[in-house]
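>>> Quick check, what structure comes out for this input:
(2 chains)
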Amino acid sequence: MAYITCRDLELGYDGEAVTGNINFDVCGGDYLCIIGENGAGKSTLMKALMNLNRPMSGEITFGDGIERNEIGYLPQNKDFQRDFPASVEEIVISGCLSKCGLRPFYNRAEKKMAEDNMKQMDVYDLRKRCYRELSGGQQQRVLLARALCAAGKLLLLDEPVTGLDYKVTCEFYAMLGELNRNGMTIVMVSHDLDEAMAHANKILQIGREQIFFGDKDDYLLSESWKSFHQHHKRHVIPGGIKA
Amino acid sequence: MSIFEKISIYFSYPFVRYAMVVSVVIALSASLLGVTLVLKRYSFIGDGLSHVAFGAMAFASVFKMINNNVIVLPLTILAAVFLLRTGKKAKVNGDAAIAIFSVGALALGYLIMNVFSTSANVSGDVCSTLFGSTSLLTLTAGEVWFSVVLAVIVTGAFIFLYNRIFAVTFDEDFANATGLNADRYNLIIAILIAVIIVMGMNLVGSLLISALVIFPALTAMRLFNNYKSVVICSAVVAVVCAFAGMMFSIAVSTPVGATIVTVNIIVYAVASLVRRA
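Prediction:
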């Protein structure tokens, strides 16, 4: 039984389909990378997995004992309100909230968990600092630490490296790879083909409909990879990262 | 007679003590939610809602309702829910919606008061509803208890939901994605703010209540950069300003609401200078 099973998904906004005929599943320990052209509906798919919007048709089922409060989410590096007064530790521990149920305050185990995740993401020394004063890479590590607090088993990431420079991007992917090797299941939307191919074990490519789903090794031999890769060689991918 | 003697004489009157208690508890509850509202870019909701409450109050007083709050509170809550919930996906943008409510209710309220009022002094009535007035000095013990109970409920709810309010304010998508129902908490925030506005109208009047909501929060955000300190500082600033403003207005016979807001403005200005220094 898979963590996530998607059958015949059709996704879109306001009654207009963006993409359809999507069938895939995510099993424990997978590192699934979702790729596709701009506007192919990658983020829409991610939002549907997150229950932030409803698919137009088809179904998403969660299985293998995974609960909604065991899923962590790392959003695109959007500009949070610039004047928001929040310290790193406040943000990280807010990831534990889904585990609280009706309890109003965090217990000791959750505080410990937040501390461990800050240490793991190397932001523990920054814990008293204000989020808005951090660099882009530091901010993204803070959000990853928060996502880890929420994620028991499954981590969803939506173009996590947008706007980060090359070195920070590499470090970030290394951290994700490490997490995956330690058993975390990862589903990521990415523009960054090279990194996707380096770390992922499964690939989902979508366009107007599903183009490919399967193991990375099979994908690398497929026609869709060749044409997609050729096409992208000629373009600089948005976000400043070259494919 | 020194100012202290004067103040102590005033405090021997129960109505002065009532006014003091009510102004402090209202300032406290307004400041707690103020942080959230400023951060959610809803600074003006206090203004809009207070005008809705003004309209409702005009309506209630014309029809000689015995207890104004029976109609004012539900209508204001309704408006608050509408404004905060439609903020995201409405056809009319959040700020425009607030402006529509604010101006519309003000105009209708004044119209109703003017056409139907039996009072001889309509502009006096309007003025005191907008700017607060001696009504603060005519509070009954029952009204004081009502304010205190509401303030305890608001403060209690805020403390109880503190972590959730933080999560929903900082990143609504993440909250939703991890299974927290952000809409539910936005609804609670809307109800709480409506309750505070209606309470605050007696104190500073509908025009100045948004000052009580935003100034302590802005002052605190100048001085601190984590959420917990900002909330605590905001509450302390609000209580101190309400107390000081009340004292000053008693000692020098200035209008209560306007004085409290002026003290808030001065404290904010000082905080801005401290930040810069």
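>>> CA atoms for contacts and neighbours, from now on please.
Fine.
>>> pLDDT wise, what is the residue of the stretch 1-150 of chain B found nearest chain A at?
Nearest residue of the stretch 1-150 of chain B to chain A (CA to the nearest CA) works out as B:L39 at 6.6 Å. pLDDT for B:L39: 87.
>>> Check A:K242 too.
On pLDDT, A:K242 comes in at 44.
>>> Name all residues that make contact with the spatially most central residue of chain A.
Central residue of chain A (CA atoms, centre = their mean): A:L157, 0.9 Å from the mean position. Applying CA atoms under 8 Å, 6 or more residues apart in numbering or on different chains, we find A:L157 in contact with A:73-76, A:186-189.
>>> What is the nearest of those to A:C170?
Here the nearest of the contacts of A:L157 to A:C170, counting by CA to CA, is A:M188; it sits at 15.2 Å.
>>> Then the closest one would be within a strand, right?
Yes - if the criterion is DSSP: H, G, I helix; E, B strand; the rest coil, then A:M188 is within a strand.
>>> Near it, how many other residues are there?
Number of residues near A:M188 (other CA atoms under 10 Å in any protein chain shown) recorded here: 25.
>>> Surely it touches A:Y173?
No - using CA atoms under 8 Å, A:M188 is not in contact with A:Y173; the gap is 11.0 Å.
>>> Need the overlap of contacts for these two.
Residues touching both A:M188 and A:Y173 (CA under 8 Å, 6+ apart): there are none.
>>> Dump the contacts of A:L157 into CSV; add pLDDT and distance to chain B as well.
CSV is the format used below for the contacts of A:L157 (pLDDT from 0 to 100; distance: CA to the nearest CA, whole Å):
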residue, pLDDT, distance to chain B
A:Y73, 86, 7
A:L74, 85, 8
A:P75, 78, 8
A:Q76, 73, 11
A:I186, 92, 15
A:V187, 92, 14
A:M188, 91, 15
A:V189, 90, 16
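>>> what's the farthest-apart pair in those residues?
Applying CA to CA across the contacts of A:L157, the maximum distance is between A:Q76 and A:I186, 15.4 Å.
>>> Looking at the two now, which is surrounded by more residues?
A:I186 (24 against 16).
>>> Can you give me the distance of that one to A:V123?
Separation of A:I186 from A:V123 (CA to CA, to the nearest Å) stands at 21 Å.
>>> hey, where'd the helices end up in the stretch 101-250 of chain B?
B:122-131, B:141-160, B:162-170, B:172-177, B:182-204, B:209-223, B:227-252 (DSSP state H, counting those that start in this stretch).
>>> winner for burial among those?
Counting by mean count of other CA atoms under 10 Å in any protein chain shown, helix B:209-223 has the highest mean neighbour count of those, with a mean of 26.
>>> Touching that one from outside, list them.
For helix B:209-223, contacts defined as CA under 8 Å, 6+ apart pick out A:85, B:27, B:30-35, B:37-38, B:43-47, B:50, B:197, B:200-201, B:229-231, B:233-235, B:237-238, B:261, B:264-265, B:267-268, B:271-272, B:275.
>>> now do stretch A:125-138
Around stretch A:125-138, the neighbours that count as contacts under CA under 8 Å, 6+ apart are A:82-89, A:118, A:123, A:139, A:163-164, A:168-169, B:225-226.
>>> Buried ones in it, by neighbour count?
A:126-127, A:129-132, A:136-138 (16 or more other CA atoms under 10 Å in any protein chain shown).
>>> any low-confidence regions in the chain?
By default, I'm working from chain A. A:77-82, A:232-243 (pLDDT under 70).
>>> meant chain B, my bad for not saying
When residues are selected by pLDDT under 70, those of chain B lie in B:1, B:64-69, B:86-94, B:117-136, B:202-204, B:206-207, B:277.
>>> what residues does it put near chain A?
Within chain B, the positions near chain A by CA under 8 Å from any CA of the partner chain are B:39, B:160-164, B:166-167, B:170-171, B:173-174, B:176-180, B:221, B:224-227, B:230.
>>> what number of residues lie near the closest residue to B:L180 other than its chain neighbours?
Nearest non-adjacent residue to B:L180, counting by CA to CA, 6 or more residues apart in numbering or on different chains: A:S98, 6.4 Å away. Counted by other CA under 10 Å, the residues lying close to A:S98 total 23.
>>> now do A:R54
With other CA under 10 Å as criterion, A:R54 counts 19.
>>> Could you do the one 5 residues further on as well?
Using other CA under 10 Å, A:E59 has 16 neighbouring residues.
>>> Correct me if wrong: it contacts A:D8.
Yes - applying CA under 8 Å, one finds A:E59 in contact with A:D8, separated by 6.9 Å.
>>> now the helices: where do they sit in chain A?
Counting by DSSP state H, chain A has helices at residues A:42-49, A:88-93, A:108-120, A:136-150, A:166-181, A:193-199, A:216-221, A:223-233.
>>> which residues are contacting the second one?
Outside helix A:88-93, the residues that touch it by CA under 8 Å, 6+ apart are A:110-111, A:114-115, A:118, A:123, A:126-131, A:142-143, A:145-147, A:149, B:167, B:226-227.
>>> repeat for the last one
If you take CA under 8 Å, 6+ apart as the criterion, helix A:223-233 is touched by A:211-212, A:219-220, A:243.
>>> now A:G12: how far from chain B?
16 Å (CA to the nearest CA, to the nearest Å).
>>> neighbours around the residue lying closest to that residue once chain neighbours are set aside, how many?
Computed as CA to CA, 6+ apart, the closest residue to A:G12 that is not its neighbour in sequence is A:V18, at 4.7 Å. A:V18 has 18 neighbours, counted by other CA under 10 Å.
>>> which residues touch A:V18?
Contacts for A:V18 (CA under 8 Å, 6+ apart) come out as A:10-12, A:39-41, A:208.
>>> ok, 6 Å please
A:11-12, A:41 (CA atoms under 6 Å, 6 or more residues apart in numbering or on different chains).
>>> just A:L11 next, same as before
A:L11 neighbours (CA under 6 Å, 6+ apart): A:17-19, A:55-56.
>>> Can you add distance to A:D25 and give these back as JSON lines?
What follows is the contacts of A:L11, written out as JSON lines (distance: CA to CA, whole Å):
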{"residue": "A:A17", "distance to A:D25": "21"}
{"residue": "A:V18", "distance to A:D25": "20"}
{"residue": "A:T19", "distance to A:D25": "17"}
{"residue": "A:P55", "distance to A:D25": "16"}
{"residue": "A:M56", "distance to A:D25": "19"}
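>>> quick one, whichever strand or helix holds B:G48 and helix B:209-223 angle?
For B:G48, the host element (DSSP states H and E) is helix B:45-62. Angle of helix B:45-62 versus helix B:209-223, following axes from the mean of the first three to the mean of the last three CA atoms, to 10 degrees, is 160 degrees.
>>> If we go by neighbour counts, what in helix B:45-62 is buried?
Buried residues in helix B:45-62, counted by 16+ other CA under 10 Å: B:45-62.
>>> Enumerate the residues of chain A near chain B.
Those residues of chain A that sit near chain B, judged by CA under 6 Å from any CA of the partner chain, are A:50, A:69, A:85-87, A:104, A:130.
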